[in-house]
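A.B. asks: Just the structure for this:
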Amino acid sequence: MLIFVSKTQSDVLNIQNMGIIYSEVKWTYAGIELLFYNTLSLVFLR
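C.D. replies: Just a heads-up that it's a prediction; the model follows:
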């Protein structure tokens with residue numbers, strides 16, 4: 001029973017870590033996209 005509980009806790013922690021990693025990747029991608037569009041607009045506005 002104890003082993004089962006600890007296994008479940010580690011699974012929950014893994015899921016939480018995946019969520020954190022996913023949100024970080026999402027924000028990084030959004031930042032890259034913003035930089036890309038800002039660079040494009042600077043190039044086209046010149």
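A.B. asks: Leu34: neighbour count?
C.D. replies: Leu34 has 10 neighbouring residues, counting by other C-beta atoms under 10 Å. The way it works is simple: take the backbone N, C-alpha and C, and place the C-beta from them, glycine included.
A.B. asks: avg pLDDT for the helix or strand in which it is found?
C.D. replies: Per DSSP states H and E: Leu34 is located in helix 2-45. Looking at helix 2-45 alone, the average pLDDT works out to 84.
A.B. asks: next one: it to chain centre, how far?
C.D. replies: Counting by C-alpha atoms, centre = their mean, to the nearest Å, helix 2-45 is centred 0 Å from the centre of its parent chain.
A.B. asks: Quick one: residues contacting Val43.
C.D. replies: Under the criterion of C-beta atoms under 8 Å, 6 or more residues apart in numbering, Val43 has no contact partners.
A.B. asks: Any figure for the gap between it and Met18?
C.D. replies: 37 Å (C-beta to C-beta, to the nearest Å).
A.B. asks: try Phe36
C.D. replies: With C-beta to C-beta as the criterion, Phe36 and Met18 are 26 Å apart.
A.B. asks: From Gly31, how far off is Glu24?
C.D. replies: 11 Å.
A.B. asks: no, scratch that, I was asking about Leu40
C.D. replies: According to C-beta to C-beta, Leu40 stands 15 Å off from Gly31.
A.B. asks: got it, and Ile21?
C.D. replies: Using C-beta to C-beta, Ile21 is found at 16 Å from Gly31.
A.B. asks: give the contact list for Glu33.
C.D. replies: Glu33 makes no contacts at all, as judged by C-beta under 8 Å, 6+ apart.
A.B. asks: give the contact list for Leu42.
C.D. replies: The contact partners of Leu42, taken as C-beta under 8 Å, 6+ apart, number zero.
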